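Novice: need a structure here:
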Amino acid sequence: MNTLTPTALRDLLNRTGVVLSKRLGQNFLVDGNVLASMASLFPSDENVVFVEVGAGALALTGILAERGKRVVAYEIDQRLRKVHDALLADDPLRTRIELRYEDALEADWCALGHEGEILVLMGNLPYLRSSETVLKLIRTDCIRQACLLFQREFATRLAAHSGNGDYSSLSVVAQTFFDIKRLLDLSPDVFFPRPEVSSTLLGFLRRPSGLEDAEVAPFMRFVQQSFLHRRKKLADFFRRLGVPLTGEFAEISQLRPEVLTPSEFINLFRAVSQVTRV
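Specialist: Purely as a prediction, here's the structure:
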């Protein structure tokens, strides 16, 4: 499948009567060189099944079909069916591509894989659904690897380390379950329509969290609540929970949440769980 130039994509959208939606974050990749660079960073294996969030104009979808066994691509915008039909009409890779016109975040991703297959999550994500997608990925144990394209500001926060001003509750939670690597920065010029922000591709590789299954949900709530007043010391958070500011909690109560690593947050969560309900 050839990458569409901005002019070719504009013409195709006009022919099919599709007007792209800002609300849905529809900014499609149209730079062949950038797509080639991205492809070199993606996994490639005959047993890989790519789960794509947001098929768009199929630029990523076609690349994924070349590198894996098959692609299950979700597209929430039913209007793009006409665009997809035109793009896939004479494409020999169309037998490897399954398009599902539904909300990917409502789907059961684990049900897509068969025995011996490896599920890998992919997507060029709109800003408004980035957090939702990351949280669903965290909870979906069957997916061990992902490559996701975010607005740069969000990606920077997600990959930030403790002590950094961009470090947040989502940084802690995501890094508890994944090693996150910054793979590629993209300028607005490689998209159509051109967005007002830059983008970054992040790679995710699942790792053992050290948490029991029953601990995951309360741990995530604990981290989120600790960052509600991130500029205040943990003493304020402890008071809200009813944690005594004595003993093992005395010293740590004088720290701010942003200085704790994910593993230190796990230790703190378990210590607090011993003295109060969290």
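
Novice: and the pLDDT at Lys22?
Specialist: Lys22 carries a pLDDT score of 88 in this model.

Novice: likewise for Val51?
Specialist: With respect to pLDDT, Val51 scores 98.

Novice: residues touching it, list them.
Specialist: Val72, Tyr74, Ala104, Trp109, Leu112, Leu119, Val120, Leu121, Met122, Ile143 (C-beta atoms under 8 Å, 6 or more residues apart in numbering). To be clear about C-beta, it is placed using only N, CA and C from the backbone, and glycine gets the same treatment.

Novice: try 10 Å this time
Specialist: 64, 71-74, 100, 104, 107, 109-110, 112-113, 119-123, 137, 140, 142-143, 146 (C-beta atoms under 10 Å, 6 or more residues apart in numbering).

Novice: equivalent analysis for Leu60, please.
Specialist: Counting by C-beta under 10 Å, 6+ apart, Leu60 touches 3, 28-29, 35, 38-39, 42, 50, 52, 54, 71, 73, 122-124, 147, 149.

Novice: so which bits of the helix or strand harbouring it are buried?
Specialist: If you go by DSSP states H and E, Leu60 is part of helix 59-67. Within helix 59-67, the residues scored as buried using 16 or more other C-beta atoms under 10 Å are Ala59, Leu60, Thr61, Gly62, Ile63, Leu64, Ala65, Arg67.

Novice: distance between it and the chain's centre?
Specialist: Between the centre of helix 59-67 and the centre of its chain there are 18 Å (C-alpha atoms, centre = their mean, to the nearest Å).

Novice: for the helix or strand that that helix is followed by, what is the average pLDDT?
Specialist: The first helix or strand that comes after helix 59-67 along the chain, using DSSP H and E, is strand 70-74. Across strand 70-74, pLDDT averages out at 98.

Novice: and the contacts of strand 70-74?
Specialist: Residues from elsewhere that reach strand 70-74 (C-beta under 10 Å, 6+ apart): 48-56, 58, 60-65, 84, 93, 95-107, 109, 112-113, 117, 119-120, 122-123.

Novice: and for stretch 152-161?
Specialist: For stretch 152-161, the surrounding residues in contact (C-beta under 10 Å, 6+ apart) are 125, 127, 130-131, 134, 148-150, 164-175, 178, 180-183, 185-187, 197-204, 258, 261-262.

Novice: what's the helix or strand for Asp90?
Specialist: Assigned by DSSP H and E, Asp90 falls outside every helix and strand.

Novice: quick one: neighbours of it, just the number.
Specialist: By other C-beta atoms under 10 Å, the residues close to Asp90 number 8.

Novice: how close does it get to Ser131?
Specialist: Remark: distance between Asp90 and Ser131 (C-beta to C-beta, to the nearest Å) = 39 Å.

Novice: ok, which stretches of the stretch 1-150 of the chain are helices?
Specialist: 6-16, 32-39, 59-67, 81-88, 130-139 (DSSP state H, counting those that start in this stretch).

Novice: pLDDT averaged over the last one, what's the number?
Specialist: Mean pLDDT, taken over the full extent of helix 130-139, equals 97.

Novice: and it, C-alpha only, in CSV?
Specialist: C-alpha atoms of helix 130-139 as CSV (Å, rounded to 0.1, in the frame of the first residue of the first chain):
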residue,chain,number,x,y,z
SER,A,130,-4.3,9.0,25.2
SER,A,131,-4.8,8.5,29.0
GLU,A,132,-7.7,6.1,28.4
THR,A,133,-5.6,4.0,26.0
VAL,A,134,-2.6,3.8,28.3
LEU,A,135,-4.8,2.8,31.2
LYS,A,136,-6.5,0.1,29.2
LEU,A,137,-3.1,-1.2,28.0
ILE,A,138,-2.0,-1.5,31.6
ARG,A,139,-5.0,-3.6,32.5
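
Novice: just how off-centre is it within its chain?
Specialist: Centroid separation between helix 130-139 and its chain, computed with C-alpha atoms, centre = their mean, is 6 Å.

Novice: also stretch 137-157?
Specialist: Its chain's C-alpha centre and that of stretch 137-157 lie 3 Å apart, by C-alpha atoms, centre = their mean.
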